[in-house]
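1. no sequence on this one, just coordinates:
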């Protein structure tokens, strides 16, 4: 098999001798496979401990794209299938349940991750260091506990938006809200070394991961990472208004935060919003237009959307 992509979430699995479960989906369309994989990771609770998307070997008994999601306790298959169908608005075949031995599936899926190019940026793990052109666009991010390795369409879309925006405009004060691994903040720092960047996440472990990645990528002098919920934390309010705010979270919190985000962005400032399925983009746009924004760009990839909006 040829690896297309692999993502993971959660802690590295213990080697306790226990047996895990693998839920396997066989899908005939690459974009649908990526959309389903993203929904499994980001829109359904609990998320899998590790997840991979592979191009199958072309045998007549299987579809060309195979998603394998690893769980300590597997969800009920039919309920999971129906939930996915409602989210992605497409027919999903019934998955199968396989028992697998206790292995470090996070590490194994991480090793399968290829480097990803998004505009000028290359996001890669250490195992691909020799395959990636080294320079300001090369960003080392190991898959692990925090979300964001550019293999997911939402992170990829944000990186494309950052690439386009930073080629056209200079930004002074930037906020990466829900920073995950810190990859988006690092990308801004690489593209615009003069920018002052704040990265925040509600999850303390994600902030720790982001700080580690910021240090590894030698961006510590320009990025400050803090643990904060929403936009009311004093560290976020103390910076005044931002001319670029990036929020790669989910549709529901983006809607709830629309007015707060509007108050946090300067007139003429830009927001990059992601973490939403393309059918959800209309509702996001409506809420942000009501809060004083206009649409500047809409990036669609594998069933997911990234919106670039400018405050009027």
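-> Received the coordinates, thanks. Just so we're clear, the structure is a prediction, and the values are computed from it rather than from any experiment.

2. any idea how far residue 237 is from residue 204?
-> 20 Å (C-beta to C-beta, to the nearest Å). Quick note: C-beta positions are derived from backbone N, CA and C, even for glycine.

3. Between those two, tell me which one has more neighbours.
-> Taking neighbours as other C-beta atoms under 10 Å, residue 237 and residue 204 compare with residue 237 leading, 13 against 9.

4. The more buried one and residue 203: what is the separation?
-> Distance, residue 237 to residue 203, by C-beta to C-beta: 20 Å.

5. Which residue ranges of the protein form helices?
-> 30-42, 77-88, 105-111, 153-168, 183-191, 204-216, 234-237, 251-256, 258-264, 281-290 (DSSP state H).

6. any idea which of these is most buried?
-> helix 183-191 (a mean of 27; mean count of other C-beta atoms under 10 Å).

7. Which strands or helices does that helix pack on?
-> strand 121-124, strand 138-140, helix 153-168, strand 173-177, strand 196-201, helix 204-216, strand 223-227, strand 242-248 (3 or more C-beta pairs under 8 Å, 6 or more residues apart in numbering; DSSP states H and E).

8. ok, now with 6 Å
-> Packing partners of helix 183-191 (3 or more C-beta pairs under 6 Å, 6 or more residues apart in numbering; DSSP states H and E): helix 153-168, strand 173-177, strand 196-201.

9. what's the burial count for the residue lying closest to residue 216 once chain neighbours are set aside?
-> Distances taken as C-beta to C-beta, 6 or more residues apart in numbering place residue 140 nearest to residue 216, at 5.7 Å, with adjacent residues excluded. Neighbourhood size, residue 140 [other C-beta under 10 Å]: 17.

10. Break this structure down into its domains, please.
-> 2-110, 145-311 (automatic domain parsing).

11. model confidence over the first one, on average?
-> Confidence over domain 2-110, taken as the mean pLDDT, stands at 72.

12. next one: stretch 225-235
-> Rounded mean pLDDT across stretch 225-235 is 87.

13. what do you get for stretch 132-151?
-> 73.

14. What's the local residue count around the residue nearest to residue 250 when sequence neighbours are not counted?
-> Excluding the flanking residues, the one nearest residue 250 by C-beta to C-beta, 6+ apart is residue 275, at 4.7 Å. For residue 275, the count of nearby residues is 28 (other C-beta under 10 Å).

15. Need the pLDDT of residue 275.
-> Confidence score, pLDDT, at residue 275: 89.

16. Tell me how far it lies from residue 137.
-> From residue 275 to residue 137 the distance is 23 Å (C-beta to C-beta).

17. What of residue 90?
-> 34 Å.

18. ditto for residue 195
-> For residue 195 relative to residue 137 (C-beta to C-beta), the value is 16 Å.

19. Over to residue 85?
-> 38 Å.

20. and residue 249, what does it touch?
-> Shown in contact with residue 249 (C-beta atoms under 6 Å, 6 or more residues apart in numbering): 178, 275.

21. so what's the residue nearest to residue 250 up against?
-> 154, 248, 249, 250.

22. Next: residue 271.
-> If you count contacts by C-beta under 6 Å, 6+ apart, then residue 271 has 245, 265, 309 around it.
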